[in-house]
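Visitor: Everything below, folded, please.
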Amino acid sequence: MKIFMIRSPWRAVKAGYVGYGWAKVDFSQYQDTKALSDAFKQHYPTGVGRKTKNIERFFNLKEGDIVLVPSSKSVSIGKVKGKKKFNREWTKDNAGNLVSVDFCKVDGRVLKIARSDFSGQLGSRLKVRTAIANFNQFKDEINRIMDWIEKTGEVYRHSNYFSAQVELAKQKFKKELLQSIRKGSIWLEAGGRGLEELIREMLKIDGYQAKIKSKKQLSGIADIDIEAKKQASGIADIDTEVEKKNRFSKTHLLIQAKHHKGETNGHGLKQLIAYKDKDDDVDCQKWLITTAKVSDKNKQLAEQHNINIMEGEELVDWIYESIPHLSEKTKQALGIMEIPSLLK
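Guide: Below you'll find the model as predicted:
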């Protein structure tokens, strides 16, 4: 696959072609460049100057090659289909010789991409004055643009592409962070204590007063790891992204935290079920927060006892939203480095 910039009249582009001049020679009548060269010698005995290379480039366009056709403020991109045709009526526009192209379209119309949405290097190269130019050096960028259009069916804009890449990077980061937490390949304190400290810190960010409960607080199976409270007016007053998602809809939380890799069993739920809050607080909400997954059976058990569950992916969403407010110590423990990245 080769990539060329070809200056072609818009009327040819709208019809699905790129057009080139040389009204005395019908390119479609020749099978190879030697036969074409002989025809040019016959019809243009004084020669074609430095345009021999461009003539050969246009004649040798193959199916699958990519062409960029610039206009005053935009560029259209398409894949060559390869059928040659001659239109004598268009020779006055230097477009008598035609090669069919499947141009990128949106809503049935040939797409025009603003020059400002190309990289500075490619945009500068588009200013070259020749009718046909090799653009192979921009293969990665052009393929990326065409992939975007094909996958989204939308007009390509650098800002949209940039936003999409940011979202992909965010999802990749969350996935890798969750894997690291589950494997224990980070620097949170072992034995579940590190996860409890992390949850407590994020609860404080969300406006709660939170404390980690003693492991010897109760006899039997009844147990909670974290208790958190906030003023009743706080939920309505704080306008944050966390509150908009209604992660916690109560002012009093009782939490069991489980740092597991695969699946969290029902033990944590049984601990919460057995725990009876002495104040019998109607604004109390029980939560099982785990780095792992929870089976459907245990989710049903939780629902029966009005217990909320936060699995690993939702926990990482919470961590991600909290990053700007986490302490440096906690970010280091999670292995999070806040370093600007370049989109290439």
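Visitor: Show me what Ile309 is bridged to.
Guide: Leu288 (DSSP bridges).
Visitor: from what I can see it touches Ala302, true?
Guide: Yes. Using CB atoms under 8 Å, Ile309 is in contact with Ala302, at 5.3 Å. C-beta: built from backbone N, CA, C; applies to glycine.
Visitor: any common contacting residues for those two?
Guide: Listed as contacting both Ile309 and Ala302 by CB atoms under 8 Å, 6 or more residues apart in numbering are 288, 294.
Visitor: Roughly how far does Gly82 sit from Ile273?
Guide: Gly82 sits 71 Å away from Ile273, going by CB to CB, to the nearest Å.
Visitor: where does the protein have low pLDDT?
Guide: Applying pLDDT under 70 to the chain flags residues 217-218, 233-246, 278-281.
Visitor: Where do the domain boundaries of it fall?
Guide: 3-156, 172-334 (automatic domain parsing).
Visitor: And the first one, end to end?
Guide: Looking at domain 3-156, the gap from its leading to its trailing residue is 19 Å under the measure CA to CA, to the nearest Å.
Visitor: Run the chain-centre distance for that domain.
Guide: 31 Å (CA atoms, centre = their mean, to the nearest Å).
Visitor: one step back: any chance of the domains of the chain in a markdown table, with mean neighbour count and distance to Val166 too?
Guide: As requested, the domains of the chain are exported to a markdown table (neighbours: other CB atoms under 10 Å; distance: least, CB to CB, whole Å):
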| stretch | mean neighbour count | distance to Val166 |
| --- | --- | --- |
| domain 3-156 | 16 | 14 |
| domain 172-334 | 16 | 10 |
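Visitor: right, and the secondary structure at Gln285 would be what?
Guide: Counting by DSSP: H, G, I helix; E, B strand; the rest coil, the backbone at Gln285 sits in strand.
Visitor: May I have the secondary structure class of the closest residue to it other than its chain neighbours?
Guide: Among residues not flanking Gln285 along the chain, Lys250 sits closest, at 3.7 Å (CB to CB, 6 or more residues apart in numbering). Of the three states, Lys250 takes coil according to three-state DSSP.
Visitor: quick one: Lys250 from Ser74, how far?
Guide: 55 Å.
Visitor: With Leu195 instead?
Guide: For Leu195, the distance to Ser74 (CB to CB) stands at 53 Å.
Visitor: contact partners of the host helix or strand of Leu122?
Guide: For Leu122, the host element (DSSP states H and E) is helix 120-125. For helix 120-125, contacts defined as CB under 8 Å, 6+ apart pick out 5, 115-116, 133, 135, 138, 141-142.
Visitor: what do you get for stretch 172-192?
Guide: Residues contacting stretch 172-192 (CB under 8 Å, 6+ apart): 194-195, 197-198, 225, 257-261, 291-292, 312-313, 315-317, 319-320, 332-336.
Visitor: hmm, 6 Å instead?
Guide: By CB atoms under 6 Å, 6 or more residues apart in numbering, the residues outside stretch 172-192 that reach it are 194, 259, 261, 291, 312, 316, 320, 333-335.
Visitor: Same list, those, but as CSV with secondary structure and distance to Ser100 please.
Guide: Listed next are the contacts of stretch 172-192 as CSV, based on DSSP: H, G, I helix; E, B strand; the rest coil; distance: CB to CB, whole Å:
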residue, secondary structure, distance to Ser100
Gly194, helix, 63
His259, coil, 61
Lys261, coil, 56
Thr291, coil, 56
Gly312, helix, 52
Val316, helix, 50
Tyr320, helix, 48
Ala333, helix, 60
Leu334, helix, 55
Gly335, coil, 53
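Visitor: Go through those and name the one nearest Trp10.
Guide: Of all those, Tyr320 has the smallest distance to Trp10: 46.6 Å, by CB to CB.
Visitor: how about the nearest residue to the closest one, chain neighbours excluded?
Guide: Leaving aside its chain neighbours, Tyr320 sits nearest to Lys174 (5.8 Å; criterion: CB to CB, 6+ apart).
Visitor: again with Tyr30
Guide: Nearest non-adjacent residue to Tyr30, counting by CB to CB, 6+ apart: Leu36, 4.4 Å away.
Visitor: Tell me which residues are up against the helix or strand hosting Glu321.
Guide: Following DSSP H and E, one finds Glu321 within helix 312-322. By CB under 6 Å, 6+ apart, the residues outside helix 312-322 that reach it are 174, 177-178, 202, 205, 242, 291-292.
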